[in-house]
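S.K.: Here is a sequence with its predicted model. Questions after.
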Amino acid sequence: MTSPREYEAACTCGLLRIRLSGQPRLVSSCHCLACQRRTGALFGSGAFFGRDQVVRTEGECRTYTRRADSGANLTFRFCPNCGSTVFWENDRLADTVCVAVGAFADPSFPRPVRTVWTVSKHGWLLFPADIPHHAKSPP
């Protein structure tokens, strides 16, 4: 019997890390303006894992909590040295940890299965037509 695949995400300087076991429950991209500002990019991509999939976290982190456009409180965990956001939690999804896809630094990581908050997506940015596009948060 083979063990489940493990993934490790880390900040830019490598001091803050999270290791997870198994496949993400969901991979989603978000175009809300707050995600654009958080990432410094046109959108953010998150991989949603069950809290029971967290093998371990390492390193010191700082937190920042904000209210999302959906109304949920999101608490971001970022490195105090380089400032990279590695993972976050949504108060409405207590059993879930969301990890920044870019923090895996793995081009073979599973692609998003949906894209959300497209009302604020840059018009020239194209996402595959075969994934659902949601103007705001899906129900």
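M.R.: Received the coordinates, thanks.
S.K.: What pLDDT does the model give the residue most central in space within the chain?
M.R.: Residue closest to the average C-alpha location in the chain (Cα atoms, centre = their mean): residue 46, at 2.3 Å. The per-residue pLDDT reported for residue 46 equals 97.
S.K.: Quantify the burial of residue 101 by counting its neighbouring residues.
M.R.: For residue 101, the neighbour count with other Cβ atoms under 10 Å is 21. The C-beta positions use only the backbone N, C-alpha and C, and glycine is treated the same way.
S.K.: what's near enough to touch it?
M.R.: Counting by Cβ atoms under 8 Å, 6 or more residues apart in numbering, residue 101 makes contact with 27, 45, 46, 47, 109, 112.
S.K.: And for residue 136?
M.R.: Contact partners of residue 136, counting by Cβ under 8 Å, 6+ apart, are 69, 70, 116, 117, 119.
S.K.: which non-adjacent residue is nearest the third one?
M.R.: I take that to be residue 116. residue 134 (4.6 Å; Cβ to Cβ, 6 or more residues apart in numbering).
S.K.: does the one you found really touch residue 115, like I thought?
M.R.: Yes. The pair residue 134 and residue 115 passes the contact test of Cβ atoms under 8 Å, sitting 7.0 Å apart.
S.K.: Compare those two (neighbour count), which wins?
M.R.: Comparing residue 134 with residue 115 by other Cβ under 10 Å, the one with more neighbours is residue 115, at 20 against 16.
S.K.: sec struct for that one, please.
M.R.: When classified by DSSP: H, G, I helix; E, B strand; the rest coil, residue 115 comes out as strand.
S.K.: Kind regards, and thank you for your time.
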